[in-house]
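Asks: After the sequence you'll find the predicted model.
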Amino acid sequence: MFNLGNEEVVKSDLSAETTSGKKGISDCYNNLGVTYLLKGNYDKAIDYFMKSVKIREELGDKRGMSACFTNIGIIHTTQGFYNKALYYYLKSLKIKEEIGDKNGMSKCYTSLGNVYYYQNKYDSAIFCYSKSLKIYNELSDKIGMSDCYINIGSIYCDQRNYAQAFDAFFFFLKMYEELGNKYGISTVLGNIATLYVRKKNYYNGIQYAEKSLNIAKEIGSLYLQNLAFYNLSVIYDSLSNYKKAFEYYKFYKQINDSIFNEESGKQIKEMEARYQTEKKQKQIELLSKEKQIQKTEIKQQRTQKYAFITGLIFVIIFAYIIYRSYRQKKKDNRLLEAQNIEIKNQKEQLSETLDTLRRTQAQLVESEKMASLGNLVAGVAHEINTPVGIGITGASSLIESTKQFAQLYKENKMSRKELEEYLDNAFQTGKLILNNMQRTGELVRTFKQVSVDQMTEEKRKFLLKSYLEDILFSLKPEFGKKQIKIAVEMHGSVKTNSRSSLRDDIEIDSYPGIFAQIITNLVLNSIRHGFRDTDNGEIRFIAFVETHGASTPLSNPRASLQMQYMDNGCGISPENLPKIFDPFFTTNKQVGTGLGLNIVYNLVTQKLKGTIKCESEVEQGAKFIIDVPFFDQPARSPY
């Protein structure tokens, strides 16, 4: 990192009239631009580069102009303004060719290749990398050659030629380690991590991404840290470790937002336009100055006696500039140290904020998972109330009849007819009490089974239709005053695109608690969103076994269970349909957290190893198609 003067001091130094003084000021501006470029503050960086270009144009310093153009091209590349980046790189290359700077030419070709690579123009990228590689080979520059081969390796990676990509990356990793080039080592480690992610070898990907991140932090490269955080976020998301994925994504987002923001892009464009206008004005001023210089030269011929005094003044001014620059550097060192302390404090605050966000997310997910169990408890309590009330009423009536019968018996006033009426009433009342107590027992049994399934998520054999009917029955209190019709259908396997006759039920060996959570969340989603503006609706659930041509599911290990959940609610708009499985996405924040369908997606894809998709049109309802293996495979819990 550079220890440089601030902008105010540099502006004051612009008053220097000598050539060497202006060159020093231009160098300061360029170094300030590089400093802000490395920090990711692109609007300030491009402002200082353009100031440096103006002075270098006045001095005719082509090499300095070329360096500034290259730096401006780097900023546009990072911002994604590729056409602008190509424009400045080509201007820099033209100057390098004019002055015969081969090392600079090779770097320009590498930069051009990078832009073409980002635009997926691989042929143009390889052409530029090859030109650069040829020059580096002539200069015996191993580091430059390594950069070119790494870039070509990245193209192999994008073209899915993984074997050649691995060979190239590991070869140049060894070369960078021998050269001690930490930036190159971090870059190659990041490329290797990306390659492992594409091959879905996530654990090796984590190893190399973390190595890249540690070195990037050591050398203070925000760009390489950003790539490493993104790789780690993608890997842990693929491994369903959402806690770590969210943590790394937050780091990535923070750095990314500090580097790429719309306001910086606008400021850069405005500064470029201002630079072009000022450049034209400067050219006019230069023409005027040239005429004035001619007049001055004539006068100087008659004032040679003042030459010694002018030279002495120049020496004094130059010495003063050096002295001010030295003092300012010391001041900047102190300022930089204070900024580092402030950055450290901000990192600690951000770390505390992230911990709070992670705890909040975990609580939201757990609350959403427990919501289905709460709905079940409410449903069973509501349904038990009726049969228990009837049983109590019947028992009270039977006791009262028995008291009257006993009184008649004591008074010896009982008739045969009264005896028969009492016996018939006692039989009917007892039968009524027995039926309602049996119904209560069945509700308790259903609640016990479903609640245990949801809490333990143990695997067992169960009848799909019967189990789903129990779940749907327990959710009836959620309907409120809505008249919702529910139909559950089980079909046989599919043979040559035609289904067999309707079956009563399908027995599967899986996780009933997972099925309960899936159906509960789908039904609640329909009630809260699909039927929010209506009191009438229909929900239909169809399940069948796909045997893929076999006579029975048992004869084909690839047999699958397909389930279709449909409602005739308000449907989902085209712009919202791709986002319904995203976490925290909801169209009605007053009644949900936005985690319901995200939990369904994770349960289907991670726990049941299946797939889920949604088809919907506005006012045409929604249809969820779930396809899971009929023969269950071991899977990780998504939570």
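Replies: Looks like it came in fine. Numbering: from 1, shown residues only.

Asks: that's a strand at residue 627, yeah?
Replies: Yes: using DSSP: H, G, I helix; E, B strand; the rest coil, the assignment for residue 627 is a strand.

Asks: burial of residue 468, as a residue count?
Replies: Counted with other C-beta atoms under 10 Å, residues neighbouring residue 468 total 22. Quick note: C-beta positions are derived from backbone N, CA and C, even for glycine.

Asks: Was I right to think it contacts residue 541?
Replies: Yes: counting by C-beta atoms under 8 Å, residue 468 does reach residue 541; the two are 6.3 Å apart.

Asks: what do the two both touch?
Replies: Residues touching both residue 468 and residue 541 (C-beta atoms under 8 Å, 6 or more residues apart in numbering): 488, 519.

Asks: what pLDDT does the residue nearest in space to the middle of the chain get?
Replies: In the chain, the centroid-proximal residue (C-alpha atoms, centre = their mean) is residue 249; its distance is 6.1 Å. In this model, residue 249 is scored at 86, pLDDT.

Asks: residues of whichever strand or helix holds it that come out buried?
Replies: For residue 249, the element it lies in under DSSP states H and E is helix 242-259. Buried residues in helix 242-259, counted by 16 or more other C-beta atoms under 10 Å: 242, 244-252, 255-256, 259.

Asks: Pipe the residues you listed into JSON lines and attach distance to residue 482 per row.
Replies: Converted to JSON lines, the buried residues of helix 242-259 look like this (distance: C-beta to C-beta, whole Å):
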{"residue": "242", "distance to residue 482": "34"}
{"residue": "244", "distance to residue 482": "41"}
{"residue": "245", "distance to residue 482": "38"}
{"residue": "246", "distance to residue 482": "36"}
{"residue": "247", "distance to residue 482": "41"}
{"residue": "248", "distance to residue 482": "43"}
{"residue": "249", "distance to residue 482": "39"}
{"residue": "250", "distance to residue 482": "40"}
{"residue": "251", "distance to residue 482": "45"}
{"residue": "252", "distance to residue 482": "44"}
{"residue": "255", "distance to residue 482": "48"}
{"residue": "256", "distance to residue 482": "45"}
{"residue": "259", "distance to residue 482": "50"}
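
Asks: List just the nearest of these to residue 566.
Replies: Using C-beta to C-beta, the shortest approach to residue 566 within these belongs to residue 242, at 29.3 Å.

Asks: Hmm, residue 236 and the closest one touching each other?
Replies: Yes: assessed by C-beta under 8 Å, residue 242 is found in contact with residue 236 at 7.5 Å.

Asks: before we move on, back to that, does anything pack onto the helix holding residue 249? Which helices or strands?
Replies: If contacts are counted by 3 or more C-beta pairs under 8 Å, 6 or more residues apart in numbering; DSSP states H and E, helix 242-259 sits against helix 222-238, helix 307-410.

Asks: Tell me how far that helix lies from the chain's centre.
Replies: Computed by C-alpha atoms, centre = their mean, to the nearest Å, the separation of helix 242-259 from the middle of its chain amounts to 8 Å.

Asks: do stretch 308-328 as well
Replies: For stretch 308-328, the distance to the chain centre is 55 Å (C-alpha atoms, centre = their mean).

Asks: Check stretch 507-518 too.
Replies: Worked out by C-alpha atoms, centre = their mean, stretch 507-518 lies 30 Å from the chain centre.

Asks: quick one on the thing from earlier: just flag the most distant two among the buried residues of helix 242-259.
Replies: 242 and 259 (25.0 Å).

Asks: Surely residue 209 and residue 235 touch.
Replies: Yes: counting by C-beta under 8 Å, residue 209 does reach residue 235; the two are 6.7 Å apart.

Asks: Below-threshold pLDDT in the stretch 51-200 of the chain: ranges please.
Replies: For the stretch 51-200 of the chain, the stretches with pLDDT under 70 are 142, 146.

Asks: quick one: the strands in it?
Replies: Along the stretch 51-200 of the chain, counting by DSSP state E, counting those that start in this stretch, no stretch forms strands.

Asks: next one: the stretch 451-600 of the chain
Replies: All strands of the stretch 451-600 of the chain, identified by DSSP E, counting those that start in this stretch, fall at 460-463, 483-495, 498-499, 502-503, 507-510, 536-546, 560-567.

Asks: Pick the most buried one from these.
Replies: strand 560-567 (a mean of 21; mean count of other C-beta atoms under 10 Å).

Asks: Okay, now the sheet partners of that strand, with direction.
Replies: strand 536-546 (antiparallel), strand 622-629 (antiparallel) (DSSP bridges).

Asks: and those strands, which one's lowest on average pLDDT?
Replies: strand 536-546 (a mean of 90).

Asks: can you give me how far that strand is from the chain middle?
Replies: 33 Å.

Asks: same question, stretch 292-307
Replies: Centre to centre, stretch against its chain (C-alpha atoms, centre = their mean), the figure for stretch 292-307 is 68 Å.

Asks: Using PDB, write down the CA coordinates of it.
Replies: Only the C-alpha atoms of stretch 292-307 are listed here, as PDB (Å, rounded to 0.1, in the frame of the first residue of the first chain):
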ATOM      1  CA  GLN A 292       2.500  33.400 -25.300                       C
ATOM      2  CA  ILE A 293       5.700  31.200 -25.000                       C
ATOM      3  CA  GLN A 294       6.900  32.500 -28.300                       C
ATOM      4  CA  LYS A 295       6.500  36.100 -27.100                       C
ATOM      5  CA  THR A 296       8.200  35.100 -23.800                       C
ATOM      6  CA  GLU A 297      11.200  33.600 -25.600                       C
ATOM      7  CA  ILE A 298      11.700  36.900 -27.500                       C
ATOM      8  CA  LYS A 299      11.600  38.800 -24.200                       C
ATOM      9  CA  GLN A 300      13.900  36.300 -22.600                       C
ATOM     10  CA  GLN A 301      16.600  37.000 -25.200                       C
ATOM     11  CA  ARG A 302      16.600  40.600 -23.900                       C
ATOM     12  CA  THR A 303      16.500  39.600 -20.200                       C
ATOM     13  CA  GLN A 304      19.300  37.100 -19.900                       C
ATOM     14  CA  LYS A 305      20.500  38.800 -16.800                       C
ATOM     15  CA  TYR A 306      17.500  37.400 -14.900                       C
ATOM     16  CA  ALA A 307      18.300  33.800 -15.800                       C
END
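
Asks: residue ranges for the helices of the stretch 51-200 of the chain, please.
Replies: Remark: helices assigned in the stretch 51-200 of the chain by DSSP state H, counting those that start in this stretch are 62-79, 82-99, 102-118, 122-139, 142-158, 162-179, 182-198.

Asks: How many residues are close by the residue nearest to the residue nearest to the centre of the chain when sequence neighbours are not counted?
Replies: The spatially closest residue to residue 249, leaving aside those adjacent along the chain, is residue 233, at 4.0 Å (C-beta to C-beta, 6 or more residues apart in numbering). Using other C-beta under 10 Å, the number of residues around residue 233 comes to 21.
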